[in-house]
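1. with the sequence up front, the predicted model follows.
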Amino acid sequence: WKAAQSYYWPKNDGSSLTFFAWSNGTATLNPAVGQCSNTTGVQFPDYDITTAENKNKDMMVAKIAPDQTENTTPGTYGASEGVPTLFYHVLSSLEIKAKVDKTYPDVTFKVKDITLLDHSVKGSYTQGIDAGVGVYPTAGTWTQASPVVTDNLPVYTHAGFPLTTSEQVLDTDYRILLPHAFGANEKMQITYDIITNYTGTPVTETVTFSQELSGIFGASWEAGKKYTLTIILGMDEILWDPAVEEWELPSGDWVI
């Protein structure tokens, strides 16, 4: 691969080039979104995952290629020679699946809504430079906006389709998320219908349940990780515990 504009290696002995690269999965990346320097590496200041240009965009940053003097032969990562450019995902990803734990006669489950409540959506990324080496990147860090910017993210909204005992992937409205430590109020909320039909007349019960994200995924979203959540719905069947109390045996005397 090469750029539309041709560039050439310097001929002077001892000259070298250091390369930085990033991508958010679109050919129309606004240069203002990203910055880079030989002291901080690649940066994305005030990155908001909810804006139209950023929503569900898989932002990636390449490992810095320092002190290059020629095309690498053979290709380090691909089939062709060139500057080694290995991209890393720097955001987090979420996939949600749903199923029922078993088949319930005359009962249907439908997931209607899944929302991330009070979710952090804005932060700044810095690739960083390892001072011990001088040009190689650290793992990169995200810092949340101060004060923290939150939003309720509709992860899944649907009229609902019947769930089975097989896992079904839910098409998510938000699947690319900001790496950060979860706050105390960050929760996942699910709303689903239980439709029973014992007599030929369907009866719908709508259930809403929420859980702290820290209780599901741990302390945080981490950069470069894709999280899979499987929601398993079920019901507690009404059972009977029958017993018969023994006859009481009162007695008396009748003297005639």
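-> Right, received. Where do you want to start? Residues are numbered from 1 along each chain as shown.

2. what residues are up against the closest residue to Ser166 other than its chain neighbours?
-> Using C-beta to C-beta, 6 or more residues apart in numbering and skipping residues adjacent in sequence, the residue nearest Ser166 is Lys99, 6.2 Å away. Where you see a C-beta, it was placed from the backbone N, CA and C, and this is true even at glycine. Contact analysis of Lys99 by C-beta atoms under 8 Å, 6 or more residues apart in numbering lists 163-168, 230-233.

3. just the buried members of those residues?
-> Among the contacts of Lys99, those classed as buried by 16 or more other C-beta atoms under 10 Å are 163, 231, 233.

4. ranges for the helices of the protein?
-> Using DSSP state H, the helices assigned to the chain run over residues 214-217.

5. which residue is nearest the middle of it?
-> Residue closest to the average C-alpha location in the chain (C-alpha atoms, centre = their mean): Leu94, at 2.6 Å.

6. what's across from it in the sheet?
-> The partner list for Leu94 in beta bridges (DSSP bridges) reads Tyr227.

7. could you do Phe19 as well?
-> Applying DSSP bridges to Phe19 gives these bridge partners: Ala65.

8. isn't it right next to Gln68, touching?
-> Yes. Proximity of Phe19 to Gln68 meets the contact threshold set by C-beta atoms under 8 Å, at 6.3 Å.

9. find residues that contact each of the two.
-> In contact with both Phe19 and Gln68: Val83, using C-beta under 8 Å, 6+ apart.

10. longest strand in the chain, by number of residues?
-> Longest strand in the chain, counting residues (DSSP state E): strand 107-120.

11. report the buried residues of that one.
-> For strand 107-120, the neighbour count (16+ other C-beta under 10 Å) marks 108-112, 114-120 as buried.

12. buried ones in the helix or strand bottoming out on mean pLDDT in the chain?
-> For the chain, using mean pLDDT, DSSP states H and E, the weakest element among its helices and strands is strand 35-37, scoring a mean of 80. For strand 35-37, the neighbour count (16+ other C-beta under 10 Å) marks Cys36 as buried.
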